[in-house]
Every structure is written in C-alpha cells, then in structure tokens.
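Engineer: Give me the fold of what follows.
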Amino acid sequence: MLTVDFTVAGIPCLGLNGGPAFKHNEAFSFQIATDDQQETDRYWNAIVGNGGQESACGWCRDKWGISWQITPRVLTEAMAAGGEEAKRAFTAMMEMRKIDVAAIEAARRG
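Structural biologist: Residues are numbered from 1 along each chain as shown. Just a heads-up that it's a prediction; the model follows:
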C-alpha cells in the first residue's frame, strides 16, 4: 500500500510510503501540546516507556524512530511572551529532557 490514513491525538493524517531509501529523521515530528504535567507525563511515558528514547528539550522518539515533541502550553506561551520571560523559559528548557512544567512556570516568573 502506498498511502495510509491514521489519526494522531485526534488529528487525521495521511502517510506516504516513500520506500526504503527514505529513513525517519528529526526533520519530521509530531508535536503534542499538553495542558499540565500530568498530561505531559502521560504522553512522554507512553512513548518512552514503550520502547522509545528520550532526547532533549521535550523531544523523544518512539520505538519506530518517529520524533515527538511533548510541549506543555506554558512553554509555548512563555516563548510567545518574548523578552526576558522567553529567555528564562528557554534557558530552563535547555537543561531538560521531559519538560518540567513547574520549572518553566518558575522561570517565567523570574
């Protein structure tokens, strides 16, 4: 089969089989925006705990090598705020694997 329809986190997707010459890499990833630490942990643990691998700054790979960004909304909001708030949140994020919501909130406050 050349294409497949599938759903990820409620979003319909279409996959195209490009053949063995095209390997997975981080140029493509799924991003899931989460509301809190509990939701962040649930997605992270489902991916990493099922044969996946942690990476940096909220990124991980599933057991098939597909990259995922598990991104709490508090981080996205901090980055959108710009200025010193964004710099503090970015600096905090750079030290993390899975995003720590409380640490991002603390960084936002300074």
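Engineer: can you tell me which residues contact Val8?
Structural biologist: Counting by CB atoms under 8 Å, 6 or more residues apart in numbering, Val8 makes contact with Phe30. C-beta coordinates here come from the backbone N, C-alpha and C atoms, glycine included.
Engineer: Residues touching stretch 67-78, excluding its own?
Structural biologist: Applying CB under 8 Å, 6+ apart, the contact partners of stretch 67-78 are 24-26, 28-37, 39-40, 43-44, 47, 55, 58-62, 85-86, 88-89, 93, 98-99, 101, 104-105, 107-108.
Engineer: From those, keep the buried residues only.
Structural biologist: For the contacts of stretch 67-78, a neighbour count by 16 or more other CB atoms under 10 Å gives the buried set as 30, 32, 34, 37, 39-40, 43-44, 47, 55, 58-62, 85-86, 88-89, 93, 98-99, 101, 104-105, 107-108.
Engineer: mind listing which of these are in strands?
Structural biologist: Among these, the members falling in strands (DSSP state E) are 30, 32, 34, 59-61.
Engineer: Need the max-distance pair from the residues you listed.
Structural biologist: Thr34 and Arg61 (17.7 Å; CB to CB).
Engineer: Can you report how many residues neighbour the nearest residue to Tyr43 once chain neighbours are set aside?
Structural biologist: Using CB to CB, 6 or more residues apart in numbering and skipping residues adjacent in sequence, the residue nearest Tyr43 is Ile70, 4.9 Å away. Residues near Ile70, counting by other CB atoms under 10 Å, number 24.
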